[in-house]
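Visitor: Got a sequence here, can you model it:
(2 chains)
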Amino acid sequence: MLSFTLNGAAVTLDLPEDVALLHALRGPLGLSGPRFGCGTEQCGACMVLVEGEPRCACTLPAAAIAGKAVVTVEGLGTPEAPHPLQAACLAEQAGQCGYCLSGILVSAAALLARDPRPGEAAIRAALDPHLCRCGSHNRILRAVARAAREMA
Amino acid sequence: MHRLPGNLQTNRRLSQWLAIHPEGKVTITPGKVELGQGILTTLSQIAAEELEVDLARIEARAASTPDSPDEGVTSGSLSTQDSGGALRHACAAARAIFLGVVAQRVGVPLEAIRVEDGIFHGPAGPIGSYWALADQALLDCDAPAEARPRAPGERRIAGRSVPRIDLPDKVFGAARYVHDLRLPGMLHARMVRPPARGARLAGLREGPLPGAAQVVRDGDFLAVLAEAEWEAEAAAARLAARAEWEVADSLPEQALLTDWLREAATRGERSPVESRGDLAPPVARTLRRSFHRPYLAHASIAPSCAVARWEGERVEVFTHSQGPYNLRADLAKTLRCDPALITVRHREGAGCYGHNGADDVALDAVLAARAVPNTPVRLLWSRAEELGWSPFSPAMLVDVEADLDTAGTIVGWRSHIVSNGHSSRPGRDPEPTLLSASMLATPFAVKPSINPAMAAGGGAPRNGIPLYRIPALGVETTRLLEMPIRTSALRGLGATLNVWSIESVMDEAAALAGLDPLDYRLRHLDDPRAIAVLRRAADLAGWTGRTRREGFGMGIGFARYKNTGAWAAVIAEVEALDRVFCRRLWIAGDVGEAVNPDGVLNQLEGGAIHGASVALLEEVRFDRRTVTSDQWEGYPILRFSEVPQVELALIDRPEEPFLGAGEASMAPTIAAIAGGITQALGIRPRQLPFTPENLARA
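Guide: Numbers count the residues shown, from 1 in each chain, chains lettered A, B, ... in the order given. Below is the predicted model of the structure:
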């Protein structure tokens, strides 16, 4: 049995040891925020926070997060109580297809947690593991900067 | 029959487009689909405007067969024209019908009634509403010839940058994509693809599979089904190791791709695109230049996905296809069944930028699900399939000859555009074009791709006719009749190469004439809207006052998409280091009426960044057997660290027809980056992408 904290709540799962965390999150745990993009840590669509650090859930064995705290985009905020990053994304209309956003938002949340006033270069660096194909990059950069201002 | 606007012409029933509900809601049911471009928001705005109801009352339902209007494919930057034009007329007509009924019933003249958020007010107060008349079946009729859409000056919702209706779900991680669909009892499926194009499955060694996975085989089509997604994934890997394929070389030598294009062209279908005027001597000089482009991938961030379920003879499929009816047609051809037995329901996927794997995976899901009746099956492609087996935008070659007179003005232009066809979209050929249709035990032949007609914008020759004033012009194209790598539509189609080839020759001719590239273009233009976007972009970028900086260069690119769509001018600043980076872009666009100006800006910027990525990085790689750039490390796209800063200006023309925004900026961006490279490095690129390796050959 595998126990960990998911978005603040304790969860217990019975899974084969080598199952990727992404499959656990999207399968038995019923989440949709973490997205499958490549399965090889090359696009960032599946990014989640493990103990506050961005990790690609597509290759991380679920067994490796036993006892740890996992946060997905669903754990950042809700339509009723959005995280400042989510509110900023909407304010900047930062996205087109949006498939990359779940991963980008959690990486940005980790960035703001360790660097509350990042410059543009720091934001670009933090988001560099993430691919966006629609070309919404500049809007996303502005959204992160806006969230930082609003959290200050 | 009277002519109706947009796709109302072919889908004339008002009830096909909208429904009014007693609880105060309006459903619109366009046949165009959301691809991340924001079309459902735009169409909702148009409907709310014409009905005079709050935007929040509109619900845009995803297209599905057989109820949605058949609007063909969501492509070509045509959705606002074709679907928006139809909805504008349909909703204006609906409003008039409802008001007519109320006017008669209450005895108030029509012109004395005003509508406020769906409530009808006469001189003495409220006299009715859409909602009160919702159950009268007033929309069960064909659209009348006449409708009076609101005048541009009266618009309150269309023309405003309202927030996208699909974005909140995407920001909160909601289950919005087809990938997120979870139906009761659903199984997960994966494909096992051959190691080479055209390979034959010779044998499959027996053995256990994880999670009691089930194998589905039909000829060379090989899939696995399992209860859990990880079991399907593991089973596919194990099955792949047990499959024995007969393989052979079938692809050209990549290093000799240009030679292959020239050689295959000798066996191709050569045809005139445009011919006008006679060359009036004297010609002082003729520039002869060739431009080349590799195969390009759509490179969607999500691998394609579909969910299918069979019940008896009927099958239902959830898909992110761009054309539900077209997909249905090809599924029916493949299954050799009546299309009416197939229901296709659109669900959003990741951005596709053209014909990616969306249609192909829908067939895969249908074939896999056939093995398990009454059970929904979700088939998800791998990253390797998305980057390796989707249709690709074809490699191309353009030869240009430009005649200059003694003043350096272009007086003659001849070009020859060589390419595979740019469309193998489903629904247009008697035989199916879906990937796995060619892999079945009774396979369908793969035919070479075709080009849309020039009246529809053309395929390979799209934007191949310069918009510049050139008295003598002859443009020809050769469509290749052999297709080693399956090709189809990607944003811009042939424009990505043609615009750059034209703009590069303009730059070179300007330099020979000793003129500024902007001034030289303006000297060759009569179209005031073309001139306006060029001047606007130049103002944004400070083009006239620009100064040379060591290692940097600025270039300019212009096109009117398809020569009938939106105008865009782009100025790029590049920096040449160990490789070329695009640092800044300034873009001016004119899409006619902009229903959602912020959405237009988003599209123009996205298209430009896509263009920068294509210009600097993108190239499908292959060996003699298969595509090898099937992971992101082999097919890099522009990243956050290298994305240029972008400034945009939209020339809004509310009085003019809307023209679509999705594809206008991409090709001019490539041209502008090439011009910037020339200024920075003193060389004229001849081959995409503009990598150090390709630039060294310029």
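Visitor: all strands for chain A, in order.
Guide: With strands called from DSSP state E, chain A shows them at A:2-6, A:9-13, A:47-50, A:53-56, A:69-71.
Visitor: Mind giving me the packing neighbours of the fourth one?
Guide: In this case it means strand A:53-56. Applying 3 or more Cβ pairs under 8 Å, 6 or more residues apart in numbering or on different chains; DSSP states H and E, one finds that strand A:53-56 makes contact with strand A:47-50, helix A:101-114. Bear in mind the C-beta positions are built from the backbone N, C-alpha and C, glycine included.
Visitor: need the residues of the stretch 201-350 of chain B near chain A, please.
Guide: B:A228, B:E229, B:W230, B:E233, B:A299, B:S300, B:I301, B:A302, B:P303, B:E348, B:G349, B:A350 (Cβ under 8 Å from any Cβ of the partner chain).
Visitor: domain assignment for chain A?
Guide: Under the assignment automatic domain parsing, the domains of chain A span A:2-75, A:77-151.
Visitor: how far does the last one stretch from start to finish?
Guide: Looking back up the chat, that one is domain A:77-151. Taking Cα to Cα, to the nearest Å, the first and last residues of domain A:77-151 lie 14 Å apart.
Visitor: residues touching B:R105, list them.
Guide: B:R105 makes contact with B:G128, according to Cβ atoms under 8 Å, 6 or more residues apart in numbering or on different chains.
Visitor: What is the burial count for the residue of chain A found nearest chain B?
Guide: The nearest approach of chain A to chain B comes at A:G33, 2.4 Å away (Cβ to the nearest Cβ). The burial count assigned to A:G33 is 26, neighbours taken as other Cβ atoms under 10 Å in any protein chain shown.
Visitor: Give the buried residues for stretch B:27-35.
Guide: Of all the residues in stretch B:27-35, those buried under the rule 16 or more other Cβ atoms under 10 Å in any protein chain shown are B:I28, B:T29, B:P30, B:G31, B:K32, B:V33, B:E34, B:L35.
Visitor: Tabulate those (TSV), appending secondary structure, pLDDT and distance to chain A.
Guide: What follows is the buried residues of stretch B:27-35, written out as TSV (DSSP: H, G, I helix; E, B strand; the rest coil; pLDDT from 0 to 100; distance: Cβ to the nearest Cβ, whole Å):
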residue	secondary structure	pLDDT	distance to chain A
B:I28	strand	98	21
B:T29	coil	97	22
B:P30	coil	97	18
B:G31	coil	97	20
B:K32	coil	97	15
B:V33	coil	96	12
B:E34	coil	96	9
B:L35	coil	96	7
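Visitor: Show me which of these is closest to B:A199.
Guide: Nearest to B:A199 out of those is B:L35 (Cβ to Cβ; 32.1 Å).
Visitor: burial count for B:S250?
Guide: 14.
Visitor: same check, this time on the one 10 residues further on
Guide: Neighbour count of B:W260, defined by other Cβ under 10 Å: 19.
Visitor: winner for burial among the domains of chain A?
Guide: Burial of those is given as mean neighbour count (mean count of other Cβ atoms under 10 Å in any protein chain shown); domain A:77-151 ranks first at a mean of 22.
Visitor: coming back round to it: next, the contact list for the residue of chain A closest to chain B, please.
Guide: Under the criterion of Cβ under 8 Å, 6+ apart, the neighbours of A:G33 are A:T72, A:V73, A:E74, A:S102, B:F172, B:G173, B:A174.
Visitor: Quick check, the third one in contact with A:L31.
Guide: Yes. Counting by Cβ atoms under 8 Å, A:E74 does reach A:L31; the two are 5.8 Å apart.
Visitor: quick one, phi psi at B:V614?
Guide: phi -60, psi -40 (degrees, to the nearest 10).
Visitor: Also B:S415?
Guide: phi -140, psi 160.
Visitor: Tell me who's in contact with the closest residue to it other than its chain neighbours.
Guide: Closest residue to B:S415 apart from its sequence neighbours, by Cβ to Cβ, 6 or more residues apart in numbering or on different chains: B:V400 at 4.7 Å. With contact taken as Cβ under 8 Å, 6+ apart, B:V400 is in contact with B:L287, B:R288, B:R289, B:S290, B:F291, B:W413, B:R414, B:S415, B:S501, B:I502, B:V505.
Visitor: Kindly state the pLDDT recorded for B:V400?
Guide: Taken from the predicted model, the pLDDT recorded for B:V400 is 98.
Visitor: so it is in which element?
Guide: Remark: B:V400 resides in strand B:396-404, with elements defined by DSSP states H and E.
Visitor: next one: that strand to chain centre, how far?
Guide: Taking Cα atoms, centre = their mean, to the nearest Å, one finds the center of strand B:396-404 at 27 Å from the center of the full chain.
Visitor: Give me the residue at the spatial middle of the chain.
Guide: Went with chain A since none was named. What sits nearest the mean C-alpha location of chain A, by Cα atoms, centre = their mean, is A:V106, with 2.9 Å.
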